[in-house]
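*Asks:* I would like the atomic coordinates for the input below:
(2 chains)
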Amino acid sequence: MSRDAEIMAETQRLHRFFKECGALSIEPDFLQPADILLDLYGEDIRARAYLISDPLRGEKMLRPDYTVPVVQAHMKGRANSARYTYAGKVFRKQEKDIGRPSEYIQVGYECFGDDDPARSDADVFAALSEAISGLDARVQTGDMNVLMTAVSGLHASDDRKAALLRHIWRPQRFRILLERFSGRLPKSESRTALLTAQDTFQGSGPFIGLRSKDEIKERVEQLRRNDPTPLISETEMDLLTEISQLCDVYPVVLSKMHDLMTELPSISQAIERIERRLEALEARGIDTQLLSFEASYGQTSMEYYDGFVFGFYKASQKGVSLVATGGRYDALTRHLGNGIELPAVGGVIRPDLLVEAKRSAVWQ
Amino acid sequence: MAIKLAIPSKGRLMEETFGWFQARGVRLLRTGSDREYAAEISGINGVELVLLSASEVPRELAAGRIQLGITGTDLMHENIVDWSSKVDALAELGFGDANLILAVPTCWVDVETLDDFDSICAAFRQNHGFRLRIATKYHRLVREFLKDAGVADYQIVDSQGATEGTVKNQTAEAIADITSSGQTLMENHLKTLEDGLILKSQATLYGVPVDMLKGPQKDKYMAFLAKLAL
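*Replies:* Numbers count the residues shown, from 1 in each chain, chains lettered A, B, ... in the order given. Just a heads-up that it's a prediction; the model follows:
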């Protein structure tokens, strides 16, 4: 069989497999409204997705993934909880590596509205795991909730915690904010001057632009309000580092987390969620004793995943590839649903990479 | 086949380019009327002169239609993805200095750094219901710069000219543009962020990688570079 035919066969097999798991098949449009995707992902999406201008409908985007249209389709319908599967091409610009394809097939499985998140997390993970069983992939898991609960438990002002949480997916800015809020990065002279100035706007020139004087004043007041609040302590900084570096099999990670909990009680919520998920995974026949957990997994590449995250990796002649990946993205549904949040977890498989792995390595 | 060297077709940049080559024993001169885009080169054989807009040089070089060209660092970095794999930067010419910077209104007394900028982006989006707009023609450079810095919640709006005026006209909240003295910025009540230097740019001689050339063309290319002591 040719490579293309093999990929098609795998695509159909996976799609069928998810339908048999109880998912409805869904086929969103290739052309998606650009404004929604731009608003959701920001400018970065322009570097990754093809924008197309339509003389009547304005800017459109060749779908860079299925998540957004599937969530939208679900929210339009009346159903509370539902599962969906899809199989088709997504399109990604490649600015760096010419060797990476700009169009490829994804087969996905998404689960919405289940009131037991541990169960649906386990369900999606187990379904993907079974769909590619025999691949002998290396599995990595994580949970964005660990770092998020750790941040919300810090002794810092709400403004500062909100700023940190906003950048949980951008480790570099997250780090800079921490340095500033802990005092490791000293305040500039001009900032000190601003905070103590009698006349805030001395010599600042005319007020131009859409950002009003009131908005500027409000920010200055916010800076003044937060300035005297206690800095994040060195102890808490160390704790945060320790938590973000957690990486081992679940039994080891959990025992470490229980130790850390005595100093940072807010993570107990995340621990409970992980423990419930592990039970649900065991119930689905997954051996969790040897499953690996990394606290920072999902921080760099998976914006909007805000809970359980996972990836299945396979080494082939072309290097290590991410054959399947997924996670929980409740926050994304909140964005798309104008405040209405919907529990959502899902994952995708790349049949092309699966075939590549099959061809070059062991497939039992 | 002759080597094609593209030089800026207009103004001071062309004068200074002539000067740079003159200092290396290669004489360039315009021919025909003032308005005719024609020029000659003397002091070396097998090199043909092409007058080209600086903004077209990157594309022509990357496509291999010319072998040497002078343009700004900014234009090369902005227009050619992964430029260093496609062309060689042979010499910085020491003129045409300009910085690509990120600037905000001077009345934003609370914004000095990217850190501040990022923080007000979030507030702006909440207050106005859309992302803070940055007017620029350097879409890729600005996006990559802000991505590396971890700045979120902004959007780029295209501005091909009079960019400094967009803030006052309320079609953008901030700008990213080329500046040399900062005078235009000041007169439009804008200031550069402390860490808002995106790229230091100057006139640069670029060439196609030698390996892409063959036979006599390669010899001519090598001879020309030797003549220029490069």
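*Asks:* Can you tell me the closest non-neighbouring residue to residue 170?
*Replies:* You didn't say which chain, so I picked chain A. B:Gly150 (3.8 Å; CB to CB, 6 or more residues apart in numbering or on different chains). The C-beta positions use only the backbone N, C-alpha and C, and glycine is treated the same way.
*Asks:* if you could check chain B rather than the one you did, that'd help
*Replies:* A:Leu210 (5.0 Å).
*Asks:* which residues touch that neighbour?
*Replies:* B:His128, B:Gln170, B:Glu173 (CB atoms under 8 Å, 6 or more residues apart in numbering or on different chains).
*Asks:* which residues sit in contact with the first one?
*Replies:* With CB under 8 Å, 6+ apart as the criterion, the residues that contact B:His128 are A:Leu210.
*Asks:* And the last one, by the same measure?
*Replies:* When contacts are counted by CB under 8 Å, 6+ apart, B:Glu173 is found next to A:Gly209, A:Leu210, A:Arg211, B:Val104, B:Pro105, B:Phe124, B:Leu132, B:Arg133, B:Ile134, B:Val167.
*Asks:* give me that answer again for 7 Å
*Replies:* Taking CB atoms under 7 Å, 6 or more residues apart in numbering or on different chains, we find B:Glu173 in contact with A:Gly209, A:Leu210, A:Arg211, B:Phe124, B:Leu132, B:Arg133, B:Val167.
*Asks:* Test my guess that the fifth one contacts B:Phe124.
*Replies:* Yes - between B:Leu132 and B:Phe124 there is a contact at 4.4 Å, judged by CB atoms under 7 Å.
*Asks:* Identify the residue of chain B closest to chain A, quick one.
*Replies:* B:Gly150 (2.9 Å; CB to the nearest CB).
*Asks:* where does chain B dip in pLDDT?
*Replies:* The model of chain B has pLDDT under 70 over residues B:35.
*Asks:* If we look just around chain A, which residues of it are in range?
*Replies:* Residues of chain B lying close to chain A by CB under 7 Å from any CB of the partner chain are B:81-82, B:105-110, B:112, B:115, B:118-120, B:122-124, B:127-128, B:131, B:143, B:147, B:150, B:152-156, B:167-168, B:170, B:173, B:189.
*Asks:* what's the burial count for residue 23?
*Replies:* No chain specified, so I'll use chain A. 21 (other CB atoms under 10 Å in any protein chain shown).
*Asks:* Chain B was what I was after
*Replies:* Residue neighbour count, defined by other CB under 10 Å, stands at 9 for B:Ala23.
*Asks:* Then A:Ala344?
*Replies:* 27.
*Asks:* cool, and A:Glu6?
*Replies:* 17.
*Asks:* hmm, back to that, for the residue nearest to A:Arg170, phi and psi?
*Replies:* phi 70, psi 30 (degrees, to the nearest 10).
*Asks:* what do you get for B:Ile101?
*Replies:* Main-chain dihedrals, B:Ile101, degrees, to the nearest 10: phi -130, psi 160.
*Asks:* mind listing what the helix or strand containing B:Ile134 pairs with, with the direction of each?
*Replies:* Element membership of B:Ile134, judged by DSSP states H and E, is strand B:132-136. Looking at strand B:132-136 with DSSP bridges, its partner strands are strand B:154-158 (parallel), strand B:174-179 (parallel).
*Asks:* for the helix or strand following the longest one, which positions count as buried?
*Replies:* Put plainly, it is strand B:174-179. Using DSSP H and E, the helix or strand that follows strand B:174-179 in sequence is helix B:183-187. Buried positions in helix B:183-187, judged by neighbour count with 16 or more other CB atoms under 10 Å in any protein chain shown: B:Thr184, B:Leu185.
*Asks:* circling back to that earlier point, just how off-centre is the strand holding B:Ile134 within its chain?
*Replies:* 19 Å (CA atoms, centre = their mean, to the nearest Å).
*Asks:* For the residue lying closest to A:Ser157 once chain neighbours are set aside, identify the helix or strand it belongs to.
*Replies:* Closest residue to A:Ser157 apart from its sequence neighbours, by CB to CB, 6+ apart: A:Thr229 at 4.5 Å. Using DSSP H and E, no element contains A:Thr229; it sits outside every helix and strand.
*Asks:* where does A:Thr229 land on pLDDT?
*Replies:* With respect to pLDDT, A:Thr229 scores 89.
*Asks:* again with A:Gln317
*Replies:* 69.
*Asks:* Is there a neighbour count for A:Asp248? I'd like the number.
*Replies:* 14.
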